[in-house]
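mind looking at a prediction? Sequence and model below.
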Amino acid sequence: MTAYRISLRAVAAGFAASVLLFCVGCATGAEVSNAPRPAPVRHVHEGDESPPEAAPGGGRGALPYSPLCRTAKCIALTFDDGPGPYTAQLLDILGREGVRATFFLVGDKPVHTYPDLVRRIAAQGHAIGNHTWTHPVLTGLPEAEILRQLTLTQSALQQLTGVRPTLMRPPKGLTDARVTGAARALGLAQILWNVTATDYHNTTTELVRKLVLERARPGGVVLLHDVLKWTVPAVPGIIAGLRGAGYTLVTVPQLYENMQPGEQYPAWATPAPTPTPAGSGHG
């Protein structure tokens, strides 16, 4: 009798798991099968955030730039992994300079630790995007966990700001068909980048400033991290240098128009080599 009960429990557990996977597949639009998962499209070295070359035909003219940025020399500053202990200082700088940026926020500890900063980011007119709940590499997770990582952060940010995000950034820029499906199901465009100072590794303020200005490009999406004490002091010099070079600083929603859920902006086609476990890069 005991063995029979254990068997029934095992069958019930298996059935529940099957139903869960089926429902996640329905939510993301993905087919659920026993076939091997497709290899993830790995865009960035672990520990090297330099973007690969753009997709063929994916030059500036091929992307859906806004009317402003089809003529103006636009660039968007984006900040990942916050809010954190230096975010208030960054918001002071951006406020003084009259610049609006885009923040990709991590839902668990950062958002729960600094809820007032989340509200302040929104109140100052900055764009807010979803950077998952705990910053895992999404391509290594089951579909249900990918959806959970994004859904929890969506709910937390909407509760604090009254606005449900329409942008997400996959940690380390790693995405695949399952991540794309989850983003599409939740109404989230995938925002990557094409300019970075790799500021987790280049740990001086002057070097961060210098690299951003050297690598800036029209239609650029700049990746920086407001949780780094050497990055935030570089921002005034970055803003001054970009303005001196004729750039108009915008948010990601101001840079592009008609962004579609699940699609990548900017689009990357050339994968970088597979990340190594020893790496420590962030994105």
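Sure, I can see it.

low-confidence stretches in the stretch 51-200 of the chain?
Low-confidence segments of the stretch 51-200 of the chain, defined by pLDDT under 70: 51-62.

for stretch 124-143, the distance to its chain's centre please.
Put simply, stretch 124-143 sits 6 Å off its chain's centre (C-alpha atoms, centre = their mean, to the nearest Å).

can you pull out the strands in the chain?
Listed in chain order, the strands of the chain (DSSP state E) span 74-80, 102-105, 127-130, 167-168, 189-191, 195-196, 220-225, 248-250, 264-265.

okay, the ones you listed in a markdown table with distance to residue 94 and mean neighbour count next?
Using the backbone N, CA and C atoms, a C-beta is placed for each residue, glycine as well. As requested, the strands of the chain are exported to a markdown table (distance: least, C-beta to C-beta, whole Å; neighbours: other C-beta atoms under 10 Å):
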| stretch | distance to residue 94 | mean neighbour count |
| --- | --- | --- |
| strand 74-80 | 8 | 26 |
| strand 102-105 | 10 | 27 |
| strand 127-130 | 12 | 25 |
| strand 167-168 | 18 | 26 |
| strand 189-191 | 18 | 26 |
| strand 195-196 | 18 | 26 |
| strand 220-225 | 12 | 24 |
| strand 248-250 | 9 | 20 |
| strand 264-265 | 22 | 22 |
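
got JSON lines for these, with distance to residue 141 too?
Below are those laid out as JSON lines (distance: least, C-beta to C-beta, whole Å):
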{"stretch": "strand 74-80", "distance to residue 141": "19"}
{"stretch": "strand 102-105", "distance to residue 141": "18"}
{"stretch": "strand 127-130", "distance to residue 141": "15"}
{"stretch": "strand 167-168", "distance to residue 141": "14"}
{"stretch": "strand 189-191", "distance to residue 141": "16"}
{"stretch": "strand 195-196", "distance to residue 141": "24"}
{"stretch": "strand 220-225", "distance to residue 141": "22"}
{"stretch": "strand 248-250", "distance to residue 141": "32"}
{"stretch": "strand 264-265", "distance to residue 141": "19"}
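
report the buried residues of stretch 184-202.
Neighbour counts over stretch 184-202 (16 or more other C-beta atoms under 10 Å) mark 184-186, 188-200, 202 as buried.

dump that stretch to PDB, restricted to CA.
Taking C-alpha atoms only, stretch 184-202 is exported to PDB below (Å, rounded to 0.1, in the frame of the first residue of the first chain):
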ATOM      1  CA  ARG A 184       7.600  38.800 -26.500                       C
ATOM      2  CA  ALA A 185       5.000  37.300 -24.200                       C
ATOM      3  CA  LEU A 186       5.500  40.000 -21.600                       C
ATOM      4  CA  GLY A 187       5.600  42.900 -24.100                       C
ATOM      5  CA  LEU A 188       9.400  43.500 -23.700                       C
ATOM      6  CA  ALA A 189      11.800  44.600 -26.400                       C
ATOM      7  CA  GLN A 190      15.300  43.300 -25.800                       C
ATOM      8  CA  ILE A 191      17.800  46.300 -25.500                       C
ATOM      9  CA  LEU A 192      21.400  45.500 -26.100                       C
ATOM     10  CA  TRP A 193      24.200  48.000 -26.700                       C
ATOM     11  CA  ASN A 194      26.900  49.000 -29.200                       C
ATOM     12  CA  VAL A 195      29.100  51.200 -27.000                       C
ATOM     13  CA  THR A 196      30.700  50.300 -23.700                       C
ATOM     14  CA  ALA A 197      33.700  51.200 -21.500                       C
ATOM     15  CA  THR A 198      33.700  47.700 -20.000                       C
ATOM     16  CA  ASP A 199      33.600  49.500 -16.700                       C
ATOM     17  CA  TYR A 200      33.600  46.400 -14.500                       C
ATOM     18  CA  HIS A 201      37.200  45.900 -15.700                       C
ATOM     19  CA  ASN A 202      38.400  49.400 -16.600                       C
END
